[in-house]
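*Asks:* need a 3D model of the sequence below.
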Amino acid sequence: MRAPLHLILPAILLLLGGCQSVQPSWLGAPHRVAPGVEFYSSADPTLLDPPGDIAVYMLRLDPQQVRLDAVLSTGTVMGTERVDEMAGRTGAVAAINGGFFNTRNGEPTGLLKIRGELVSDTRTPRGVVAIRAPPEGRTELTFDQVAVRMSLRFAAADREWTMPIDGVNTTRERGKLMLYTPAYLAHTDTAPNGTEWVLAGQLLRVVDIQSNVGRAPIMRDGVTLSYGGLELPEPLAALIDGVEVRLETEWQSAHGVAADDFDRAEHIINGAGLLRRGGRVITDWESESLNPDTFLDVRHPRTLIGLDRQGFIWLAAIDGRRAEYSQGMAFPDLQRLCDRLELTDALNLDGGGSTTMVLEGRVVNRPSDPAGPRAVSDAILVMLK
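*Replies:* Residues are numbered from 1 along each chain as shown. Here you go, the predicted model:
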């Protein structure tokens with residue numbers, strides 16, 4: 001005797017719904033942290049080839065229910081802070097470490113844009129993730145390999161002048177023009193052997209010029225230019241008090257992303273090694289100048305951000321350098337993890353001793369530094385909408 005259709009159909013729908021929620025066995029069941037935030041962990045040895053000890057901690061984020069924010073350590077470019085400390089003071093439900101930096105002083109070593117402000121530039125194209133997270137609507141991520149530089153334009157002495165800027169928020173060099181933004185410090189922290197122009201206002205204008213003084217102030221509504229050396233090149237000699245200036249940003253995209261997309265992004269975080277882009281597997285990192293012998297083909301702790309085929313955001317922290325617990329991952333291993341998660345886009349972020357994942361105020365992975373979680377320059381935060 002055949003059961004009536006009205007009894008069979010609910011059972012089929014229930015079965016299909018259950019099948020859709022089943023996770024792969026290597027991933028296990030999620031811990032539901034908050035709406036749109038699921039935590040997974042895996043010690044599946046087949047993530048490595050040959051199989052070995054591994055520990056991977058992952059967050060699956062619904063871009064409709066969470067937004068990604070980014071923050072500088074101590075609120076400034078110079079300095080470091082632990083990821084759990086940054087998450088704690090911002091009220092983030094979760095966080096991971098962000099871009100690469102100089103461990104001596106916290107200075108970013110690649111492209112970094114935080115809350116609309118370019119705080120570090122780069123001439124070398126490197127993998128990045130650009131984040132747009134409007135208060136309403138979907139959080140959007142764009143992955144690319146990007147270089148960026150800035151230039152100065154102004155009119156003076158009946159001429160139009162253009163001067164390349166050699167660095168943003170970094171140590172000044174002799175014969176170089178540097179730009180310092182409010183994210184740096186309250187001043188330029190320079191020696192008294194150059195010339196500095198303090199700019200301020202909605203339309204930037206020179207409001208003060210200091211020669212052989214150093215440590216010029218950086219106005220909250222402006223920036224400061226600093227040239228190392230005593231003899232000014234012709235364009236800078238024409239930059240006098242009251243002159244209005246324009247700062248222009250030139251983006252160089254390896255994958256055709258429009259400059260407007262980078263201009264509109266709230267945050268851009270640097271990495272080293274773009275792994276996936278628009279469904280295409282990336283295997284050539286020559287343009288990023290990554291060393292196979294020490295970086296690509298060696299297992300290290302790693303931090304990863306990616307998008308899967310359904311549009312969910314994944315954050316991953318892979319522990320390493322701990323015998324009989326977790327070996328870490330080389331780039332072939334990271335690609336295997338991307339396959340398992342069905343990622344269409346993915347970026348390797350700063351790793352090593354920096355690899356840290358924080359969930360509800362607690363560090364959930366085991367950072368490789370003996371002293372515990374490393375203080376880093378910046379972090380990516382998960383905020384509930």
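
*Asks:* who does the lengthiest strand in the chain touch, helix- and strand-wise?
*Replies:* Identified as the longest strand of the chain according to DSSP state E is strand 140-156. Other helices and strands packing on strand 140-156, by 3 or more Cβ pairs under 8 Å, 6 or more residues apart in numbering; DSSP states H and E, are strand 122-132, strand 159-165, strand 177-180, strand 245-253, helix 259-264, strand 274-277, strand 302-308, strand 343-348. All C-beta atoms are positioned from the backbone trio N, CA, C, and that covers glycine.

*Asks:* which among the ones you listed is found nearest to Ser326?
*Replies:* When the helices and strands packed on strand 140-156 are compared by Cβ to Cβ, strand 302-308 sits nearest Ser326, at 10.6 Å.

*Asks:* tally of neighbours for Asp49?
*Replies:* Look at Asp49: counted by other Cβ atoms under 10 Å, it has 11 neighbours.

*Asks:* contact partners for it?
*Replies:* By Cβ atoms under 8 Å, 6 or more residues apart in numbering, the contact set of Asp49 is 332-333, 336.

*Asks:* is it fair to say it lies in a strand?
*Replies:* No: in this structure, Asp49 is coil, not part of a strand, as judged by DSSP: H, G, I helix; E, B strand; the rest coil.

*Asks:* on that earlier part again, now do the longest strand of the chain: distance to the chain's middle.
*Replies:* The chain centre lies 16 Å from the centre of strand 140-156; the measure is Cα atoms, centre = their mean, to the nearest Å.

*Asks:* same check, this time on stretch 263-279
*Replies:* Taking mean C-alpha positions (Cα atoms, centre = their mean), stretch 263-279 and its chain are 7 Å apart.

*Asks:* cool, stretch 353-366 as well?
*Replies:* The answer for stretch 353-366 is 17 Å, by Cα atoms, centre = their mean.

*Asks:* just to revisit the earlier point, closest one to Glu196 among the helices and strands packed on strand 140-156?
*Replies:* strand 177-180 (8.7 Å).

*Asks:* please, which helix or strand holds Tyr57?
*Replies:* Using DSSP states H and E, Tyr57 sits in strand 56-61.

*Asks:* got the CA positions of that strand in PDB?
*Replies:* Below are the C-alpha coordinates for strand 56-61, written out as PDB (Å, rounded to 0.1, in the frame of the first residue of the first chain):
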ATOM      1  CA  VAL A  56      43.300  24.200  11.900                       C
ATOM      2  CA  TYR A  57      40.800  26.600  13.400                       C
ATOM      3  CA  MET A  58      38.200  28.200  11.100                       C
ATOM      4  CA  LEU A  59      35.300  30.700  11.200                       C
ATOM      5  CA  ARG A  60      32.500  30.600   8.600                       C
ATOM      6  CA  LEU A  61      30.800  34.000   8.400                       C
END
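
*Asks:* which helices and strands does it pack with?
*Replies:* Counting by 3+ Cβ pairs under 8 Å, 6+ apart, strand 56-61 packs on strand 37-42, strand 313-318, strand 357-359.

*Asks:* thought Leu225 was touching Leu179?
*Replies:* Yes: counting by Cβ atoms under 8 Å, Leu225 does reach Leu179; the two are 6.0 Å apart.

*Asks:* so what sits against both of the two?
*Replies:* Contacts common to Leu225 and Leu179, judged by Cβ under 8 Å, 6+ apart, are 152, 165.

*Asks:* three-state assignment of the residue sitting nearest the centre point of the chain?
*Replies:* Taking Cα atoms, centre = their mean as the criterion, Ile269 is the residue nearest the geometric centre of the chain, at 1.9 Å. Here Ile269 is recorded as strand under three-state DSSP.

*Asks:* mind listing what it touches?
*Replies:* Ile269 neighbours (Cβ under 8 Å, 6+ apart): 70, 98-99, 112, 128-129, 131, 305, 349, 378, 380.

*Asks:* most widely separated two among the residues you listed?
*Replies:* Leu112 and Ile305 (14.4 Å).

*Asks:* redo the helices and strands packed on strand 140-156 as TSV? Include mean pLDDT.
*Replies:* Formatted as TSV, the helices and strands packed on strand 140-156 follow (pLDDT from 0 to 100):
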stretch	mean pLDDT
strand 122-132	96
strand 159-165	97
strand 177-180	98
strand 245-253	97
helix 259-264	97
strand 274-277	98
strand 302-308	98
strand 343-348	98
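
*Asks:* make JSON lines out of these and add mean neighbour count and distance to Glu140.
*Replies:* Shown next, in JSON lines, are those (neighbours: other Cβ atoms under 10 Å; distance: least, Cβ to Cβ, whole Å):
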{"stretch": "strand 122-132", "mean neighbour count": "21", "distance to Glu140": "4"}
{"stretch": "strand 159-165", "mean neighbour count": "14", "distance to Glu140": "29"}
{"stretch": "strand 177-180", "mean neighbour count": "25", "distance to Glu140": "28"}
{"stretch": "strand 245-253", "mean neighbour count": "15", "distance to Glu140": "16"}
{"stretch": "helix 259-264", "mean neighbour count": "14", "distance to Glu140": "9"}
{"stretch": "strand 274-277", "mean neighbour count": "23", "distance to Glu140": "15"}
{"stretch": "strand 302-308", "mean neighbour count": "25", "distance to Glu140": "10"}
{"stretch": "strand 343-348", "mean neighbour count": "25", "distance to Glu140": "11"}
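
*Asks:* can you put those in a markdown table and add distance to Arg215?
*Replies:* Below are these laid out as a markdown table (distance: least, Cβ to Cβ, whole Å):
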| stretch | distance to Arg215 |
| --- | --- |
| strand 122-132 | 26 |
| strand 159-165 | 20 |
| strand 177-180 | 11 |
| strand 245-253 | 21 |
| helix 259-264 | 31 |
| strand 274-277 | 38 |
| strand 302-308 | 35 |
| strand 343-348 | 37 |
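
*Asks:* domains in the chain, as residue ranges please.
*Replies:* Structural domains assigned to the chain are 26-115+127-137+267-384, 158-237, following automatic domain parsing.

*Asks:* just so I know, which of these lies nearest Val148?
*Replies:* domain 26-115+127-137+267-384 (5.6 Å).
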